[in-house]
Structure formats: C-alpha cells, structure tokens
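K.L.:
Quick one: sequence plus predicted model below, questions after.
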Amino acid sequence: MITIHLNRPGFAYEVHSLVKAFYPDQEVRVTDPVNAGGKAPERAPGEETQEPLKLVVSFFVSEEAQAAGGGPEVCRERPQDIPEDRGAREEPEVCRERAQDTPEGREPQKPQEVPEGREPQKPQEVPEGREPQKPQDIPEGREPQKSREASGCGTSVRLLSGDRMLCQDELRLAPDAPEKEIRDELKRLLYRMFSAHLGRKLPWGSLTGIRPTRIPMGLLEQGWKNAQIAQYMRENYYTSNEKTALAVSIANRERHILRDIHYKDGYSLYVGIPFCPSICLYCSFSSSPLYLWKDRVDTYLDALCKEIDYASGAFADRELNTLYIGGGTPTTLEPYQLERLLSKLEQSFSLGGLREFTVEAGRPDSITREKLEVLKNHGVSRISINPQTMNQSTLDFIGRRHTVEETVAAFGLARSMGFDNINMDLIVGLPGEGAPEVEHTMQELSKLGPDSITVHSLAVKRASRLKLFREEHREMTMTNSQEIMEMTARYTREAGMFPYYLYRQKNMAGNFENVGYAREGKEGLYNILIMEELQTILALGAGAATRLVLGQNRFERIENVKDIKNYIERIDEMIERKRSVLS
C-alpha cells in the first residue's frame, strides 16, 4: 500500500492518479499527515510482507517570503511530518539537483530521464522566443512562468519505505503562482521522480485528465501547427511519440467532423434507461437488473416523460443536434415501451436539425426483430451492439449472459433490416485475456464488418464487483499493453477505419485509453461533443447529469439522483433542479 500525505488541499486527485499509474497493483490512499499513525490494513493470508510506501508532498514558504506576504496561506516553513535526520545520512537512490541552479526551478534532466519521444531541438517553424499565447480553455496547459529564483516558496516530495528514503525532489514556485501552474509543475516533478526511480515511462506522461485531446484541440483553434503542438505536449507532459501523434491526429479529425455543426448554439440530448438483463462484473454505471424492476418500468417511463415535458419546453429555442439513448441497456424495454418513449421524444422535441440518433442496443440478448423495427420506424440512425469480447469463457466469467453466437445473430439481423451504422464495443484487459484472446475478438469482428469499433481499456472502479473479484482471484491477470493497443489499431485500420475520439479513465489497465475507430461518415458525433465538452448536454433519467456549457471553460452540472426509486418518487424535485438553473 502507498499512502500519500498532502499539507495543502486541491491536489489529491492529480497526485493519486499519477501515483496509481506508476503503481497499478498497489492500493493508494490519500491521507492527512496528522492521521498518518492510523492502523495499517490487515494483510490477506499468504500475502507477502512488504514495507508500505509513503509519499509526502509538502508545500512550504520561507520566513522571508512569509514576512513579505508571499506564498499561499497553507504553506509552512518546512514539512515537519518527517524527522530531520530521516534519510539525511544516506544519499537517496535517486539524487536530485537543486532547483536554484536551474532556470524556472526545473530539474536538469539526464538523458535516461527524458521520456521517450522528447526532442531536444524545437522545430524550425516555431518562432524564436515563443510560446504563443496559450488558449484559456486548455485544461492541462502550462501558463507562462514567473521567476522563482528568490521566491522562498516551493514544494518538496519524498518517497519513503518505512524509515528509508527512496527518492526525493523539490521545486521552487513564485509566491503568487496560480493554482493551475502549481498543479502542472507538481505533476511534472512527480513524473520525473517516479520515472527515474522505477526506470519506466507512462504512455501519457504526466497527464491525468480524461480528455487529453482538448489540449491539441485548443491549440489548433489558436492557429498552432501540428509540429508545434506535438513538441509542446512532449516537452510539457512527457507524452510518448505514439500518444502525442494519436492525440494530435484525433483533434484534427474532430475539427473536420464538426465543421458543419453549430455546436455552440445547439445542444445534445441524452436519455437514460437504467435497466440491464444482468449486471456485468466490471460495471459501475447507474443500472439495475431488469428482473427487479420489471413491474415498475412503466412507472419509470411515467416519470421520464414528465421530465421530457419540462426539458423540451426549456430548450425549445435551441437546435437539437444529436440524440443518444443509453443506459443501462435501452433495448431491455419491451417493443411497446420503446414505441412509447420514441413517440414521446418525437412529439416533444423538434428533430429537424438532428444530425445523429443513437440507441445503445448493447446486449445482444436484449435485441429482437420487433424492437429493431420500432427503432427503424422512428428514424434511429445509429445503434451499438456490444460484445465486449468474442471469447465465450470470458463472457461467462464476467456475467454477460449471452453467447458469441447471439452477438453474431443480432448483428446479422440488424444488417438485414437496413441498419447501416452499427458500432461494436470491446474491452481490453478483461480477466484472463491477453494478446491471443484480444486478437481472436478482432478477427471475429472483422468478419462481421461493423461501421465503427470502440476499444475500451478496462478501468476497475470501486463501485464494480470486479474490484472485489480482483482481491479474491489474484491469480487472474487483468492487463493491457502497447502491443495489444497497436494490434487493435491495426485491425481497425485494415477495416478502413480511423481513430476519431478518445478519452481516459482512472485505474485503466496499462494506463492507456479508450479509442473510437470509424469509417468515414460513421463517426459518433455525440461521443465527440460530450468528450470535448464543446456543447451543452441535456440529460434526462435516473443518474443522468446535464452539463451546461456557459462559455470558455465555464460549465455547470445538474445531476439527477441515481437510485431508480428515488428518481420516480422525486421527479418533481429533479425538474425543479433544472428549472432553478435554467431560469
């Protein structure tokens, strides 16, 4: 286990995410230094005894800076949570150069510490003396730095195993440095330290956010060239050549795909159906097994239709661009229930400007001819049939109660009925699956010929049963690798697809990403709009979260309760939540 001690709030998520990326098999906890003496977790029977690691991140300000009124209030003179003599007599494994001798407080990097793909020379087309002004909506971008030489303010990071210092480092900060700059500098500092200590690099470098393509997207909007953007990402975030190229290429493609959509003046609609035939081992979404709610599905639709009545009026003066019905598994609804829902949406919203209408069919065992006929009759233009894997033993193990044959049959049925935009999802990193099993899945999907494939890297969430499973079945591997990701990319490329959107999640297998591949003209527009946060998403149903785009880097969320019973009983409250913000 690794415990993280911070003496300043606001940085826990980024530090935890980066440490977890370097130590994916370790439990990582963020704790207050004053509670550091708490009882250690009990070890499982037979578990090897190993000294727990402790990462101490301390923000400090010198007496001189305090007297001058500089530095954040939470800073202290020097961290007191480690005795002064601890590790002082012995040079730590990774020695550090003092930041005072380095411009801007950055550590001089040795060749072996430079993440792969970082180029020492800037491309010729970058004007001397730049950087061009960075767009304000870049979430992880680096702001121009102020002089820190005599700031007397900074951050110290130390990694210990028991009483033994493994490595440490430090950076200086300007007393008035904005929090965003401090956050980015801290992540770079931690990345360099862990990368040198462990002798390995992360494909996405120091990036911890879920939307890495927002960085190149924002810079493209400012007129930067691809080579400039690539260099900026490698130098500021230590991203690998492969991931840098992927992010930049997808950002360019997204801009091309959205060129004719007035997404700033329009909106997208999400409708949630929180029922599934069964709950998969890895699932952490707001969904419930249908058998528990079969007698109350119509009651749920009553509440949903009431929310539709309010929302359609509130957005009557805006153009609806994309409509996405997800869940859960929307096709758990009976044909008459699907008919009722789709008719209500048609009657309530103006669909004249609709560019895409997606229904997440999802589970093959929920798809019938009658249900597909309802979707077809109401103009659904895109559906998703998600096998997750084409290996039957894995399907059985993770609780997906359908067969590979049912996936093939459902896909063939949809094709025969004229659906010409079918997506298929798969998950890489499922229990017991390595490169041979993933390649088998890709081969089977290639035979079917879907129009798009979304490749997900397994992310083990705390709310999923897989989290418990992982503790009980330690012998089962849940891994991903660059080899597997490259193999899935190769198969999609051979099928005439290209990557068009990506996002990342915490605790992803191999610290990789989810990538959507599609043939030309078959991309999921809703996927791009929600991932890039370019457009307001009006979300209806249990567990749905409306996200209003109010301006440059300004958002507001309006969340519905996740519990289905609460949603039904408190539907008037859910509507009032929206009304209080939208009015």
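P.N.:
Cool, the structure landed.

K.L.:
contacts, neighbours, all on C-alpha from now
P.N.:
Noted.

K.L.:
what's downstream of the host helix or strand of residue 397, the next helix or strand?
P.N.:
Counting by DSSP states H and E, the element that carries residue 397 is helix 392-398. Using DSSP H and E, the helix or strand that directly follows helix 392-398 along the chain is helix 404-416.

K.L.:
re the thing from before, show me what the helix holding residue 397 is packed up against.
P.N.:
Packed against helix 392-398 by the contact rule (3 or more CA pairs under 8 Å, 6 or more residues apart in numbering; DSSP states H and E) you find no helix or strand.

K.L.:
Kindly indicate whether the nearest residue to residue 30 once chain neighbours are set aside is helix, strand or coil.
P.N.:
In space, not counting the residues next to it along the chain, residue 30 is nearest to residue 4; the distance is 4.6 Å by CA to CA, 6 or more residues apart in numbering. Following DSSP: H, G, I helix; E, B strand; the rest coil, the label given to residue 4 is strand.

K.L.:
who does residue 4 bridge with?
P.N.:
Beta-bridge partners for residue 4, by DSSP bridges, are residue 30, residue 55.

K.L.:
Can you give me the distance of it to residue 546?
P.N.:
Separation of residue 4 from residue 546 (CA to CA, to the nearest Å): 33 Å.

K.L.:
and what of residue 255?
P.N.:
Distance, residue 255 to residue 546, using CA to CA: 24 Å.

K.L.:
I'd like to check what contacts the helix or strand hosting residue 442. Which residues are they?
P.N.:
Assigned by DSSP H and E, residue 442 belongs to helix 435-448. Applying CA atoms under 8 Å, 6 or more residues apart in numbering, the set of residues contacting helix 435-448 from outside is 389-391, 408, 411-412, 428, 483-484, 487-488, 491, 495.

K.L.:
please redo it, this time with the cut-off set to 7 Å
P.N.:
When contacts are taken as CA atoms under 7 Å, 6 or more residues apart in numbering, the neighbours of helix 435-448 outside the stretch itself are 389-391, 428, 484, 488, 491, 495.

K.L.:
re the thing from before, residue 561 versus the residue nearest to residue 30, what's the distance?
P.N.:
Between residue 4 and residue 561 the distance, using CA to CA, works out to 32 Å.

K.L.:
Tell me where the stretch 351-500 of the chain has helices.
P.N.:
Listed from the start of the chain, the stretch 351-500 of the chain has helices (DSSP state H, counting those that start in this stretch) covering 369-377, 392-398, 404-416, 435-448, 465-472, 482-494.

K.L.:
Pipe those helices into TSV and attach mean neighbour count, distance to residue 532 and mean pLDDT per row.
P.N.:
Listed next are those as TSV, based on neighbours: other CA atoms under 10 Å; distance: least, CA to CA, whole Å; pLDDT from 0 to 100:
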stretch	mean neighbour count	distance to residue 532	mean pLDDT
helix 369-377	17	28	98
helix 392-398	15	31	89
helix 404-416	17	30	97
helix 435-448	16	28	96
helix 465-472	15	29	49
helix 482-494	17	22	93
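
K.L.:
in the protein, which helix has the most residues?
P.N.:
Counting residues, the longest helix found in the chain (DSSP state H) is helix 179-198.

K.L.:
What's the first helix or strand after that helix?
P.N.:
Towards the C-terminus, the helix or strand next in line after helix 179-198, according to DSSP H and E, is helix 214-221.

K.L.:
Does residue 358 touch residue 379 like I think?
P.N.:
No: using CA atoms under 7 Å, residue 358 makes no contact with residue 379, being 9.6 Å away.

K.L.:
out of residue 255 and residue 546, which sits in the more crowded spot?
P.N.:
Neighbour totals were compared for residue 255 and residue 546, and residue 546 leads with 19 against 15 (other CA atoms under 10 Å).

K.L.:
how much space between residue 517 and residue 347?
P.N.:
Counting by CA to CA, the gap between residue 517 and residue 347 amounts to 33 Å.

K.L.:
So between the two, which is more surrounded?
P.N.:
Neighbours per residue, other CA under 10 Å: of residue 517 and residue 347, the larger number sits with residue 517, 27 against 11.

K.L.:
give me every residue that touches that one.
P.N.:
Applying CA under 7 Å, 6+ apart to residue 517 gives the contacts 452-454, 492, 497-500.

K.L.:
returning to that earlier point: just give me the closest of the contacts of helix 435-448 to residue 225.
P.N.:
Using CA to CA, residue 488 comes nearest to residue 225 of the contacts of helix 435-448, at 28.5 Å.

K.L.:
residues in contact with that closest one?
P.N.:
Applying CA under 7 Å, 6+ apart, we find residue 488 in contact with residue 442.

K.L.:
same deal with residue 532?
P.N.:
Counting by CA under 7 Å, 6+ apart, residue 532 touches 211, 214.

K.L.:
The residue nearest to residue 30 reaches residue 19, doesn't it?
P.N.:
No: Residue 4 lies out of contact with residue 19 (CA under 7 Å); the separation is 8.9 Å.

K.L.:
which stretches of the stretch 1-150 of the chain have low pLDDT?
P.N.:
Within the stretch 1-150 of the chain, the ranges that satisfy pLDDT under 70 run 32-51, 62-150.

K.L.:
count of residues packed around the closest residue to residue 153 other than its chain neighbours?
P.N.:
The shortest distance from residue 153 to any residue other than its chain neighbours is 4.2 Å, reached at residue 61 (CA to CA, 6+ apart). Residues lying near residue 61 (other CA under 10 Å) number 24.
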